[in-house]
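Visitor: Sharing a model prediction with you, sequence too.
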Amino acid sequence: MFDRPKTIALQWRKNGEVTEWNPTFACATLEMGIGVELCWPYRAQEKGSVENLVGFVKSSFFKVRRFYDEPDLEQQRQEWEREVNEQRPCRATGIIPAVRLAEEAPRLRPLKIQPDDLALRIPVYVGPTGTVVHDGHPYSMPPEAISMPATLFLYAQQVKIVAGKYAAEHPRKFVAHEGSSLAEHRAAMVAAISGKRGKRYLKRQQLLELGEPAIRYLTEIVHRQPQRWFQDVDRLHQILQSHGPEVLRHAMEEGLKEQIFGAFYVERFLQQELSFPQVVQ
């Protein structure tokens, strides 16, 4: 039983029949196989047991107890839940909730899909840079998928993108402007570019996509070594491919703190942190 906020129903007729559901809500309920009932707006009595739940927890648990610390609260909560669910009859029905659940269980059906496995399907497009942008976060795709329509499967902690026969999986990003680029996609994009100059500019762009620390660090390198910056870009890109964006971003952040700029510093820092052999040109 739900109210009718815009997150659930967008439009309905005078008789209450919904003519337009919120597409995200509709997709989730259809995937899980949930039956939905809507009450009229501002008529809380139609779903009073839900409206009263917060007040019930406050009055029956928080307001009548004292807690020494968080572990004590957690222990008392478990004891209270066991009491109200398995021992005390419900005031609304006069039946212990565990008994009522056992009576209704034969009529209940399992969800078609568990919430953690639920994915929202979102139509997207693979852009000219080989990325799909969702909610401000770019996710890489193979260069062969450029300009193709695609479907983004949005999970709680993961993103899967399918464009024709090409597919990619990424960790879902939540920090503003943060993206995910896979090493094999970066390598394929560089290989697809003809000419040494074009490859180096693409490598620099892929480094800049690491965010603010990379932008500041590379800006200093270019200004301090205008004739040799591309050598640092080649070496930094090798580190990116070998050790990933998080490791390289951290090294650049340390370089900014020390005000030491160049691939030589990043290599030396990572040798101390990770004990890996120096990159050789």
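Guide: Received the coordinates, thanks. Numbers count the residues shown, from 1 in each chain.
Visitor: Thr151 in helix, strand or coil?
Guide: Under DSSP: H, G, I helix; E, B strand; the rest coil, the three-state class of Thr151 is strand.
Visitor: Extract the C-alpha set from stretch 208-222 and format it as PDB.
Guide: Written as PDB, here are the backbone C-alpha positions of stretch 208-222 (Å, rounded to 0.1, in the frame of the first residue of the first chain):
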ATOM      1  CA  LEU A 208      43.300  13.900 -16.900                       C
ATOM      2  CA  GLU A 209      40.100  11.800 -16.400                       C
ATOM      3  CA  LEU A 210      41.500  10.700 -13.100                       C
ATOM      4  CA  GLY A 211      40.200  13.900 -11.600                       C
ATOM      5  CA  GLU A 212      41.400  17.100 -10.000                       C
ATOM      6  CA  PRO A 213      44.800  15.800  -8.600                       C
ATOM      7  CA  ALA A 214      45.800  14.500 -12.100                       C
ATOM      8  CA  ILE A 215      44.700  17.800 -13.800                       C
ATOM      9  CA  ARG A 216      46.800  19.900 -11.400                       C
ATOM     10  CA  TYR A 217      49.800  17.500 -11.600                       C
ATOM     11  CA  LEU A 218      49.900  17.300 -15.400                       C
ATOM     12  CA  THR A 219      49.400  21.000 -15.700                       C
ATOM     13  CA  GLU A 220      52.600  21.500 -13.700                       C
ATOM     14  CA  ILE A 221      54.500  19.000 -15.800                       C
ATOM     15  CA  VAL A 222      53.400  20.600 -19.100                       C
END
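Visitor: who touches it?
Guide: Here stretch 208-222 makes contact (CB atoms under 8 Å, 6 or more residues apart in numbering) with 138, 177-179, 181, 204, 207, 229, 232-233, 236, 240, 245, 248-249, 252-253, 255-256, 261-262. Where you see a C-beta, it was placed from the backbone N, CA and C, and this is true even at glycine.
Visitor: let's go with 6 Å and repeat that
Guide: The contact list for stretch 208-222 (CB atoms under 6 Å, 6 or more residues apart in numbering) reads Leu207, Trp229, Asp232, Pro245, Arg249, Met252, Glu253, Gly255, Leu256, Phe261.
Visitor: Please apply the same query to stretch 97-107.
Guide: Taking CB under 6 Å, 6+ apart as the rule, stretch 97-107 contacts Asn85, Glu86, Cys90.
Visitor: Show me the residues you listed that map onto strands.
Guide: Members of the contacts of stretch 97-107 lying in strands (criterion: DSSP state E): none.
Visitor: quick revisit: show me which of the contacts of stretch 208-222 is closest to Ile95.
Guide: Using CB to CB, Pro245 is the member of the contacts of stretch 208-222 that lies nearest Ile95, at 56.2 Å.
Visitor: I'd like to check which residues are in contact with that closest one.
Guide: Leu210.
Visitor: Check the gap between it and Met252 for me.
Guide: 10 Å (CB to CB, to the nearest Å).
Visitor: just Glu31 next, same as before
Guide: 41 Å.
Visitor: So for the two, which sits in the more crowded spot?
Guide: A side-by-side neighbour count of Glu31 and Met252, using other CB atoms under 10 Å, places Met252 first with 25 against 17.
Visitor: That one: what secondary structure?
Guide: Criterion first, three-state DSSP; result for Met252: helix.
Visitor: how close does it get to Gln158?
Guide: To Gln158, Met252 is 27 Å away according to CB to CB.
Visitor: Using CSV, write out every CA atom in stretch 125-132.
Guide: Extracted in CSV, the C-alpha atoms of stretch 125-132 (Å, rounded to 0.1, in the frame of the first residue of the first chain):
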residue,chain,number,x,y,z
TYR,A,125,24.4,5.7,-25.9
VAL,A,126,28.1,5.1,-26.3
GLY,A,127,29.7,8.4,-26.9
PRO,A,128,32.5,9.4,-29.3
THR,A,129,35.1,8.9,-26.5
GLY,A,130,33.9,5.4,-25.9
THR,A,131,32.1,6.2,-22.7
VAL,A,132,28.6,5.9,-21.3
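Visitor: Contacts for that stretch next, please.
Guide: By CB under 6 Å, 6+ apart, the residues outside stretch 125-132 that reach it are 124, 138-141, 143, 145-146, 148-150, 161, 163, 189.
Visitor: tell me the two of the residues you listed that are most distant?
Guide: Farthest-apart pair in the contacts of stretch 125-132 is Pro149 and Met189; separation 19.7 Å (CB to CB).
Visitor: which one of these two has more residues nearby?
Guide: Neighbour tally, Pro149 and Met189, criterion other CB under 10 Å: the higher count belongs to Met189, 23 against 11.
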